[in-house]
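1. all I have is the shape, not the residue letters:
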Ligand code: 13P
């Protein structure tokens, strides 16, 4: 991380875990144990139905609430879907877009992801845009070509002004939920290469100030080494964000002077 130029952001992605009742208990525990110093931003991306409880409980804390998905249209006949405006109205600040689980299991294409990025930005939400290669792509040596394509497609038409609100999460698919964390060097190398792509697309100033997180089996034991990488500006944490003590330990690590 490099706090001089950009925000460090620790974000939890609960995926499909925790009822609203469980979310309340978690938020209370978290709120009571947060460090005073504000050297990192904290986000909790909870299931839709947990959002009102999480927002209410975390209102006066430094923890922002995020969603894990949204629909790209502002309203209409899309049974079961949620729009960016609905999320913004609940005081949601961030939204995860392009997670590999949504790409693989729910058929999200790069075009859909691009539309979702625009929808989030138009409603004043900050997208956390996920990119990352699978095991085959890494072994074939096409990791950066693939990620470069994902970034260009997802960010098509996003203005430099709007880019200031976009967070990138590098999540290698082989590391998600496997316990097979990328080494700090692997994470640092790809996050650095992502910043170079952003430099070409948006110029040096925006690239330098964009938060690029790492995600994939990040936990309280490996967070320090990952965050020590210059270009790793935080984490998008799945499993370890479900346990308040583990999540707090990661926050404390990111918050160290
Ligand atoms: P895990 O931390 O459980 O590997 O999940 C990472 C992730 O997918 C966060 O979005």
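-> Great, that's in hand. Keep in mind the model is a prediction, meaning the values are calculated, not measured. Residues are numbered from 1 along each chain as shown.

2. any chance you could map the strands in the stretch 151-257 of the chain?
-> With DSSP state E, counting those that start in this stretch as the criterion, the stretch 151-257 of the chain has strands at 167-170, 212-214, 234-237.

3. which one of those strands lies closest to residue 9?
-> Each of the strands of the stretch 151-257 of the chain has some distance to residue 9 by Cβ to Cβ; the shortest is strand 234-237, at 4.0 Å. To be clear about C-beta, it is placed using only N, CA and C from the backbone, and glycine gets the same treatment.

4. state the mean pLDDT of that closest one.
-> The average pLDDT within strand 234-237 is 98.

5. name the surrounding residues that touch that strand.
-> 1, 7-13, 40-41, 96, 128, 130, 169, 171, 211, 213-215, 218-219, 223, 226-227, 247, 250, 254 (Cβ atoms under 8 Å, 6 or more residues apart in numbering).

6. and if we set it to 6 Å?
-> Outside of strand 234-237, the residues within contact range by Cβ atoms under 6 Å, 6 or more residues apart in numbering are 8, 9, 10, 11, 12, 13, 169, 213, 214, 215, 218.

7. residues in contact with whichever residue of the stretch 1-150 of the chain sits closest to the ligand?
-> Closest residue of the stretch 1-150 of the chain to the ligand, Cβ to the nearest ligand atom: residue 13 (3.7 Å). By Cβ under 6 Å, 6+ apart, the residues touching residue 13 are 45, 236, 238.

8. how about the residues of the stretch 151-257 of the chain that lie near the ligand?
-> Contact residues (Cβ under 6 Å from any ligand atom) of the stretch 151-257 of the chain with the ligand: 171, 176, 177, 215, 216, 217, 218, 236, 237, 238, 239, 240.

9. kindly reformat the residues you listed as CSV containing neighbour count.
-> Below are those laid out as CSV (neighbours: other Cβ atoms under 10 Å):
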residue, neighbour count
171, 26
176, 22
177, 12
215, 28
216, 27
217, 20
218, 28
236, 28
237, 27
238, 23
239, 18
240, 20
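
10. pick out the residue of the chain closest to the ligand.
-> For the chain, Cβ to the nearest ligand atom, closest residue to the ligand: residue 238, 2.3 Å.

11. which pLDDT does the model give the nearest residue to that residue once chain neighbours are set aside?
-> Of all residues not flanking residue 238 in the chain, residue 13 sits nearest, at 5.2 Å (Cβ to Cβ, 6 or more residues apart in numbering). Model confidence at residue 13, given as pLDDT, is 98.

12. torsion angles phi and psi at residue 13?
-> Main-chain torsions, residue 13, degrees, to the nearest 10: phi -120, psi 100.

13. distance of it from residue 218?
-> 11 Å (Cβ to Cβ, to the nearest Å).

14. do a quick rundown of the strands in the stretch 1-150 of the chain.
-> Using DSSP E, counting those that start in this stretch, strands in the stretch 1-150 of the chain cover 9-13, 41-45, 63-67, 94-97, 126-131.
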